[in-house]
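Enquirer: coords please:
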Amino acid sequence: MPGLSITYLDMNYETGPTADPKVREAMYKATNVEEIVQGVHQYGGATMSYAPLPQESWGYDDSLESLKPEYDPEEARNILDDTDYAGGFSIDLYVLETRSNYATIFQNQMKENLNIDVNVNVSEWGTLTDTVASGQAPLNIGGWSWYPDPYFFLNQRFHSDQVGSNGNGKAYSNPDVDALLDEALTDTGDQEERTALYQEAMDIIMSEFASIELDNIDIATAIHPKVEGFHLSPDGSIYVTSPNGINLSISE
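Expert: As a prediction, the model looks like this:
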């Protein structure tokens, strides 16, 4: 089943070519996300992500899928040609070794579709997080896993008070988004009202192309045929109840 885990490619919102929203839009529309997901997960294990929320979050709704830009390399080239970066440019991308396959496919797509030379920098965790959090990564591929509440995904990655953290090293900042995220967190405890606020925030976020949403990772568990009443949890946790009533919790 889809888990509470997503993969994304963040574009620096403050400095470099991607500070231009038209450059971000061109790069998003030149990214064949479906090809990336199929190339990375050749034997399954993930589905294409449409929004910065995993499908198993209660804030997710199928209507969000219309927000994702369609892959259109010709339109992407036309958009880039109207910027100061017409004809392509060179840019650095930072990624962990475990996600380098995402980077390689993206690198090929950018060269073919926009003549952008993506220099892939494979880094270990400490170096990567330091580079991203300090705003020194023009591009970076990351993953996010947490609880089903949208707060743990949207506030951490898109609220301006998180600029300088690993989640928002891209320096995304929009006062309207901040206001919506704050209202959803502090002004109401009603889940439907919070969902509406988060979806309004995502509408703005997706329109600004700060992050290319890549995939939603599946959760899979193998069990012995003798196991009964097993429920697969999207957070990867396993709860075991013994005959004497003792409960155990195992988390990945």
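
Enquirer: tell me which element residue 122 falls in.
Expert: strand 117-123 (DSSP states H and E).

Enquirer: ok, and for that strand, which residues are buried?
Expert: Neighbour counts over strand 117-123 (16 or more other Cβ atoms under 10 Å) mark 118, 120-121, 123 as buried. Using the backbone N, CA and C atoms, a C-beta is placed for each residue, glycine as well.

Enquirer: ok, now which ones touch residue 220?
Expert: Counting by Cβ atoms under 8 Å, 6 or more residues apart in numbering, residue 220 makes contact with residue 45.

Enquirer: helix/strand/coil for it?
Expert: Under DSSP: H, G, I helix; E, B strand; the rest coil, the three-state class of residue 220 is coil.

Enquirer: do the same with residue 180
Expert: Once three-state DSSP is applied, residue 180 turns out helix.

Enquirer: likewise for residue 143?
Expert: Criterion first, three-state DSSP; result for residue 143: strand.

Enquirer: please name the bridge partners of it.
Expert: For residue 143, the beta-bridge partners under DSSP bridges are residue 7.

Enquirer: can you check the pLDDT for it?
Expert: Among the per-residue scores, residue 143 shows a pLDDT of 96.

Enquirer: what about it, how many residues close to it?
Expert: A count of nearby residues for residue 143, using other Cβ atoms under 10 Å, gives 15.

Enquirer: kindly report the same for residue 188.
Expert: Neighbourhood size, residue 188 [other Cβ under 10 Å]: 13.

Enquirer: and the residue nearest to it when sequence neighbours are not counted, how many neighbours does it have?
Expert: Spatial nearest neighbour of residue 188, chain neighbours left out: residue 194 (6.1 Å); criterion: Cβ to Cβ, 6 or more residues apart in numbering. Here the count is done by other Cβ under 10 Å, and residue 194 has 20 residues near it.

Enquirer: assign a three-state SS to residue 194, would you?
Expert: Recorded secondary structure, residue 194: helix (three-state DSSP).

Enquirer: was I right about it contacting residue 150?
Expert: Yes: between residue 194 and residue 150 there is a contact under Cβ atoms under 8 Å: 7.4 Å.

Enquirer: between the two, which contacts overlap?
Expert: With contacts taken as Cβ under 8 Å, 6+ apart, residue 194 and residue 150 have 59, 184 as neighbours in common.

Enquirer: and the residue nearest to residue 188, how far from residue 181?
Expert: Distance, residue 194 to residue 181, using Cβ to Cβ, to the nearest Å: 10 Å.

Enquirer: poorly predicted segments of this protein, please.
Expert: Where the chain drops to pLDDT under 70, the residues are 242-252.

Enquirer: so residue 43 versus residue 220, what's the distance?
Expert: Taking Cβ to Cβ, one finds residue 43 at 11 Å from residue 220.

Enquirer: which residues do those two both contact?
Expert: Common neighbours of residue 43 and residue 220, counting by Cβ under 8 Å, 6+ apart, are absent.

Enquirer: what are the ranges of the strands in the protein?
Expert: Using DSSP state E, the strands of the chain run over 2-11, 46-48, 90-96, 117-123, 139-145, 211-218, 238-241, 247-250.

Enquirer: elements contacting the fourth one?
Expert: With contacts defined as 3 or more Cβ pairs under 8 Å, 6 or more residues apart in numbering; DSSP states H and E, the packing partners of strand 117-123 are strand 90-96, helix 100-114.

Enquirer: now it: how far from the chain's centre is it?
Expert: Relative to its chain's centre, strand 117-123 lies at 18 Å (Cα atoms, centre = their mean, to the nearest Å).

Enquirer: can you list contacts of it?
Expert: For strand 117-123, contacts defined as Cβ under 8 Å, 6+ apart pick out 88-97, 100, 103-104, 106-107, 110-111, 131, 139.

Enquirer: filter those to the buried ones?
Expert: Buried among the contacts of strand 117-123 by 16+ other Cβ under 10 Å: 88-89, 91-96, 100, 103, 106-107, 110, 131, 139.
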